[in-house]
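Enquirer: Please work out how this folds:
(chains A and B)
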2 protein chains.
Amino acid sequence: MSTQELVLTGDRPTGPLHLGHYVGSLANRVALQETCKQFVMIADVQALTDNFENPAKVHENVFEVACDYLAVGIDPTKTTIFIQSMIPAIAELTIFYMNLVTVARVQRNPTVKTEIKQKGLEESLPVGFMMYPISQAADITAFKATLVPVGEDQLPMIEQTNEIVRSFNRIYNTDVLKEAKALVPKCARLAGIDGQAKMSKSLNNAIYLKDSADELVKKIQKMYTDPNHLRVQDPGKIEGNTVFEYLEVFAKDTAKVAELKAHYQRGGLGDMVVKKYLMEVLEEFLSPIRARRAEYASDRAQVMNMLYAGTQVANETASATLHEVKKAMQLIY
Amino acid sequence: MSTQELVLTGDRPTGPLHLGHYVGSLANRVALQETCKQFVMIADVQALTDNFENPAKVHENVFEVACDYLAVGIDPTKTTIFIQSMIPAIAELTIFYMNLVTVARVQRNPTVKTEIKQKGLEESLPVGFMMYPISQAADITAFKATLVPVGEDQLPMIEQTNEIVRSFNRIYNTDVLKEAKALVPKCARLAGIDGQAKMSKSLNNAIYLKDSADELVKKIQKMYTDPNHLRVQDPGKIEGNTVFEYLEVFAKDTAKVAELKAHYQRGGLGDMVVKKYLMEVLEEFLSPIRARRAEYASDRAQVMNMLYAGTQVANETASATLHEVKKAMQLIY
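Expert: Numbers count the residues shown, from 1 in each chain, chains lettered A, B, ... in the order given. Presented below is the predicted three-dimensional model:
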């Protein structure tokens, strides 16, 4: 690329991060920070939209998520990590953008519609939850992000953001806001250990980056394989077999994985043998992350100081954008 | 009162202020500043919710409204006058409160429902307009106002604010937010010069505080009286006669007004005689206001500095509240 992309991404601090996060986004961020300017937001304000009655959970997970970031190699000298609630410009931009979006339009947002259904919020939908796509537009535009890594299901959010950008620039006769491109990761979503399509805290099927070696062993032991593979000598299925799916992603020795697959398919290879290998592979992957994480977690002040420093940088960027926005809106007196 | 009331009130800067504002709110503020702590907000952000395509109008009227305030005797040494868009804490509080109000609840707000109908916004209702009662709750609570002067039609706004206060204090186990009482002024609403119930810029039936003596004369000349009072010698009606309504409010010589009324009712008193008297009365009322206003308007820097100083004070108060709110929400790291 000729001009450097600016990436805005982040997580809602509602729990520690797991292998699904690593595969779906964290690994990508570690790579992106080498070529792009990257802002990673710990989205506590957004987390509160559906956790407003549980502020302690959000509070504590800001620190947990920060430790996870550092442990996997998101480098605060390359990536600006910041706390959303400490950036007032985001709230101010959200208020301004709310004038540019109709109620009918946010209610039509497919992502929000699905989530409302999943969370059973039809009857008692809070305003904050309904309009969070507008807040996300504020997150993205506050940093003039050009690239936003999102899952396929989040594409309508980027669409909504760009609609706001175009409306704003047209109405206020400016080019201060920038449209963003979605970056949909190529890698497939990592299944849960129970074989469900998505690894998630709420489904209780996650392997966390901070899981101990013991926890890891226990989780792999009960991992979903081929439910019809009852006797060792029988042929087993690879498709939908979570153990093999994980090996595919994490094992470096691809020849060995291919060999195990063939053996499993023709029969004679027990689940426990494959699982033992996965334990080795994941322990090798997780143990340095776990060690770094423990070190960071033991020095809360250091982690928080890193967050404060990142937040200060983020604040300067977002405040500068807000000033330009207010100027375009003739709100500078 | 044993403890001092804190008053929060203000205007949307969408036009210069008129006699209707004076009677309905400005006179009240001049009185309240003697006994209460008073914050008067120039609500530019709220004005944008239905003027977002016309930012120049909002911008210029911030100054106009400030001049009107000073001209009628709102005293910046007694009242804190400030610009809403310069108080980021209001936007942040609004975002937090949006989690505590359901979409169904804001859509049920009678004031908003009426206004949506009046403005023909049913089809294309902007999110910002729908949720402005939540923004108003942020305005009020940011200053811990205990008393909010409102018209009868705005009572649902105070109700919505107090609902948010109670929800917030309950959910976050705090007493940081304060409920507010509505202060509904006793004085009737001033009719427009065309006899319509409400004086308003959009109805083009207003006498502005800054109107020149000539403009005043012209407006009173075409003022609505008794449409059946065709010949001087005929009896005329006082009820619904705008000229007499204004004399009722503004003439100090109540004996003279009573005499004119009686004469008009028994016949033999022409409209022009009564109007000439109203011209005298209103010119006596408006000329010192107009003179002070011209003085302020000629020194924009002085007026703006007064606004900046008030805004700074308001910012300190609102920031302190926001800090307490964030503490209750465990958003201090």
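Enquirer: For residue A:112, the count of nearby residues, please.
Expert: Look at residue A:112: counted by other CB atoms under 10 Å in any protein chain shown, it has 21 neighbours. All C-beta spots, glycine's among them, are computed from the backbone N, C-alpha and C.
Enquirer: Which helix or strand lies directly C-terminal to the helix or strand hosting it?
Expert: Using DSSP states H and E, residue A:112 maps to helix A:110-118. Next helix or strand after helix A:110-118 toward the C-terminus (DSSP H and E): helix A:127-130.
Enquirer: Which strands or helices does that next one pack on?
Expert: On a contact count with 3 or more CB pairs under 8 Å, 6 or more residues apart in numbering or on different chains; DSSP states H and E, helix A:127-130 meets helix A:44-49, helix A:110-118, helix B:103-108.
Enquirer: Let me have these in JSON lines, adding distance to residue A:38 and mean pLDDT as columns.
Expert: JSON lines is the format used below for the helices and strands packed on helix A:127-130 (distance: least, CB to CB, whole Å; pLDDT from 0 to 100):
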{"stretch": "helix A:44-49", "distance to residue A:38": "19", "mean pLDDT": "96"}
{"stretch": "helix A:110-118", "distance to residue A:38": "23", "mean pLDDT": "86"}
{"stretch": "helix B:103-108", "distance to residue A:38": "35", "mean pLDDT": "90"}
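Enquirer: Tabulate those helices (JSON lines), appending distance to residue A:292.
Expert: Below are the helices and strands packed on helix A:127-130 laid out as JSON lines (distance: least, CB to CB, whole Å):
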{"stretch": "helix A:44-49", "distance to residue A:292": "23"}
{"stretch": "helix A:110-118", "distance to residue A:292": "33"}
{"stretch": "helix B:103-108", "distance to residue A:292": "44"}
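Enquirer: most tightly surrounded among these?
Expert: Among these, ranked by average contacts under mean count of other CB atoms under 10 Å in any protein chain shown, first place goes to helix A:44-49 (a mean of 26).
Enquirer: Quick one: mean pLDDT over whichever helix or strand comes after that one.
Expert: Next helix or strand after helix A:44-49 toward the C-terminus (DSSP H and E): helix A:55-72. Helix A:55-72 shows a mean pLDDT of 98.
Enquirer: Over to stretch A:121-138?
Expert: Averaged across stretch A:121-138, the pLDDT comes to 91.
Enquirer: likewise stretch A:167-185?
Expert: Rounded mean pLDDT across stretch A:167-185 is 96.
Enquirer: how long is that stretch from one end to the other?
Expert: End-to-end span of stretch A:167-185 (CA to CA, to the nearest Å): 28 Å.
Enquirer: Out of the helices and strands packed on helix A:127-130, the one nearest residue B:179 is which?
Expert: Closest approach to residue B:179 among those (CB to CB): helix B:103-108, 17.3 Å.
Enquirer: Based on its surroundings, how many neighbours for the residue nearest to residue A:33 when sequence neighbours are not counted?
Expert: Closest residue in space to residue A:33, ignoring its immediate chain neighbours: residue A:78 at 4.1 Å, by CB to CB, 6 or more residues apart in numbering or on different chains. By other CB under 10 Å, the residues close to residue A:78 number 15.
Enquirer: Tell me which other helices or strands the helix or strand of chain A with the lowest mean pLDDT touches.
Expert: Here the helix or strand of chain A ranked lowest by mean pLDDT, DSSP states H and E is helix A:110-118, holding a mean of 86. Judged by 3+ CB pairs under 8 Å, 6+ apart, the packing partners of helix A:110-118 are helix A:127-130, helix A:132-142, helix A:155-171.
Enquirer: Excluding sequence neighbours, find me the nearest residue to the residue nearest the centre of chain A.
Expert: With distances taken as CA atoms, centre = their mean, chain A has residue A:11 as the residue nearest its mean C-alpha position (4.7 Å). Counting by CB to CB, 6+ apart, the nearest residue to residue A:11 once its immediate chain neighbours are dropped is residue A:65, at 5.6 Å.
Enquirer: Compute the distance between that neighbour and residue A:42, please.
Expert: 5 Å (CB to CB, to the nearest Å).
Enquirer: Buried residues in the helix ranked longest in chain A, which are they?
Expert: Counting by DSSP state H, the longest helix found in chain A is helix A:300-328. Buried residues in helix A:300-328, defined by neighbour count with 16 or more other CB atoms under 10 Å in any protein chain shown: A:303, A:306-307, A:310-311, A:314-315, A:317-319, A:321-322, A:324-326, A:328.
Enquirer: near chain B too, which of these?
Expert: The residues of these that also fall near chain B, by CB under 8 Å from any CB of the partner chain, are A:307, A:326.
Enquirer: Closest one of the buried residues of helix A:300-328 to residue B:148?
Expert: Nearest to residue B:148 among the buried residues of helix A:300-328, counting by CB to CB, is residue A:326 at 26.9 Å.
Enquirer: Neighbours of the closest residue to that closest one other than its chain neighbours, how many?
Expert: Excluding its sequence neighbours, the residue lying closest to residue A:326 (CB to CB, 6+ apart) is residue A:332, at 5.4 Å. Neighbourhood size, residue A:332 [other CB under 10 Å]: 12.
Enquirer: May I ask which helix or strand encompasses residue A:332?
Expert: Counting by DSSP H and E, residue A:332 is part of no helix or strand.
Enquirer: Give me the pLDDT for it.
Expert: Residue A:332 is given a pLDDT of 98.
Enquirer: contacting residues for the residue of chain A most remote from its centre?
Expert: Each residue of chain A has a distance to the centre, and by CA atoms, centre = their mean the biggest one is for residue A:233: 41.0 Å. Contact analysis of residue A:233 by CB atoms under 8 Å, 6 or more residues apart in numbering or on different chains lists A:267, A:268.
Enquirer: Next: residue A:18.
Expert: Contacts of residue A:18 (CB under 8 Å, 6+ apart): A:199, A:201, A:206, A:207, A:208, A:209.
Enquirer: Next, find the distance separating it from residue A:154.
Expert: Look at residue A:18 and residue A:154: by CB to CB, they are 18 Å apart.
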